[in-house]
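Q: sequence plus the predicted model coming up.
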Amino acid sequence: MNAAESRATPPAVALTWLYAPGDRPEVVAKALRSGADVVIVDLEDAVAPERKGRALDAAAELLTERQPVPVQVRINALDGPLARREVERLAGLPGLAGLRLPKTRSPQELAAVAGWAGDAVPELWPLLESAVGLERAFAIAEGHPAVAGLALGEADLRAELGVADEAGLAWARGRAVVAARAAGLEPPAQSVYPDVRDLAGLAASCARGRALGLFGRAAIHPRQLPVIEEAFAPTAEEVAAADEITAAAATDAGALALPDGRFVDAAVVAGARRTLALAARTRGGG
């Protein structure tokens with residue numbers, strides 16, 4: 001059974017995913033109030049080696065209670081000495097919405113994480129950050145029923161591939177989009193834009209990602225959130241087209257013919273409904 005078959009309801013519309021360092025509870029608290037759709041407590045890159053234990057303790061304390069927004073945790077390297085202890089400590093806590101799995105390379109790693117979690121396997125979000133992981137993207141996407149989505153880790157991937165700029169990531173991004181959709185998952189969100197002061201560059205980068213089929217974006221500073229939200233919000237023309245499609249779907253259970261003669265199928269109808277849900281959310285109505 002793949003991840004899509006394991007879910008009874010579609011995921012909520014989420015555009016913004018804000019990272020916060022796990023060893024700084026005050027920053028995590030601000031992230032929870034930032035308006036981000038999902039907060040990612042980072043135990044990996046954002047935390048110095050000597051503070052890893054402190055970060056895990058703080059994350060566990062936070063997640064003993066449900067939070068106002070979903071909270072995921074990015075654990076440390078799956079083949080390292082910390083990941084198992086982190087999963088065993090966090091799995092089953094009521095505030096944990098999911099685990100981000102850095103540098104995922106195979107479905108076998110997903111099975112290992114699920115085994116560490118025991119009877120309380122949370123949503124798993126594999127990060128594709130290597131050439132091997134990217135080549136195995138589809139196998140990873142359908143590698144365990146708990147996989148809820150894919151994400152790219154573009155900094156590490158760019159370094160490994162020797163890619164000089166965003167243009168060189170277009171194939172990798174497209175590969176992740178195809179793998180996720182083939183496995184019945186929602187489109188991946190874009191990786192973080194590292195320059196928190198370059199909001200114009202962030203907006204342009206989001207436009208490129210959206211054109212490739214990515215949906216939403218991870219951020220490392222709250223000031224990036226409104227830019228991401230605006231970049232991925234549907235236009236008035238897209239909302240009007242979605243309204244037309246869903247209206248036709250409400251009166252015809254078979255192949256849908258629109259007034260202009262176009263035919264649309266179930267996948268197009270599902271996309272239209274997602275557009276309308278996103279429009280309601282970005283307008284404050286959902």
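A: Sure thing, it's come through.
Q: which ones are touching residue 124?
A: For residue 124, the contacting residues are 98, 99, 101, 110, 113, 114, 144, 146, 147, 148, by C-beta atoms under 8 Å, 6 or more residues apart in numbering. The C-beta positions use only the backbone N, C-alpha and C, and glycine is treated the same way.
Q: so what's the second one bridging to?
A: What it means is residue 99. Note on residue 99: beta-bridge partners by DSSP bridges are residue 73, residue 124.
Q: can you give me every residue that contacts it?
A: Applying C-beta under 8 Å, 6+ apart, the residues near residue 99 are 72, 73, 74, 75, 87, 90, 91, 113, 122, 123, 124, 125.
Q: re the thing from before, could I get the contacts of residue 124 as JSON lines with secondary structure, pLDDT and distance to residue 193?
A: Shown next, in JSON lines, are the contacts of residue 124 (DSSP: H, G, I helix; E, B strand; the rest coil; pLDDT from 0 to 100; distance: C-beta to C-beta, whole Å):
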{"residue": "98", "secondary structure": "strand", "pLDDT": "98", "distance to residue 193": "22"}
{"residue": "99", "secondary structure": "strand", "pLDDT": "98", "distance to residue 193": "23"}
{"residue": "101", "secondary structure": "strand", "pLDDT": "98", "distance to residue 193": "22"}
{"residue": "110", "secondary structure": "helix", "pLDDT": "98", "distance to residue 193": "28"}
{"residue": "113", "secondary structure": "helix", "pLDDT": "98", "distance to residue 193": "28"}
{"residue": "114", "secondary structure": "helix", "pLDDT": "98", "distance to residue 193": "32"}
{"residue": "144", "secondary structure": "coil", "pLDDT": "97", "distance to residue 193": "29"}
{"residue": "146", "secondary structure": "coil", "pLDDT": "98", "distance to residue 193": "29"}
{"residue": "147", "secondary structure": "strand", "pLDDT": "98", "distance to residue 193": "25"}
{"residue": "148", "secondary structure": "coil", "pLDDT": "97", "distance to residue 193": "23"}
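Q: of those, which is the nearest to residue 194?
A: Nearest to residue 194, judged by C-beta to C-beta, of the contacts of residue 124 is residue 101 at 21.2 Å.
Q: tell me which element the residue nearest to the closest one when sequence neighbours are not counted falls in.
A: Among residues not flanking residue 101 along the chain, residue 126 sits closest, at 4.9 Å (C-beta to C-beta, 6 or more residues apart in numbering). Assigned by DSSP states H and E, residue 126 belongs to strand 123-128.
Q: pull the CA atoms of the next helix or strand after that strand into PDB?
A: As assigned by DSSP H and E, the chain's next helix or strand after strand 123-128 is helix 131-135. Presented in PDB, the C-alpha positions along helix 131-135 are these (Å, rounded to 0.1, in the frame of the first residue of the first chain):
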ATOM      1  CA  ALA A 131      22.200  12.000  -6.300                       C
ATOM      2  CA  VAL A 132      21.400   8.500  -5.000                       C
ATOM      3  CA  GLY A 133      18.300   9.800  -3.200                       C
ATOM      4  CA  LEU A 134      17.100  11.700  -6.200                       C
ATOM      5  CA  GLU A 135      17.600   8.700  -8.500                       C
END
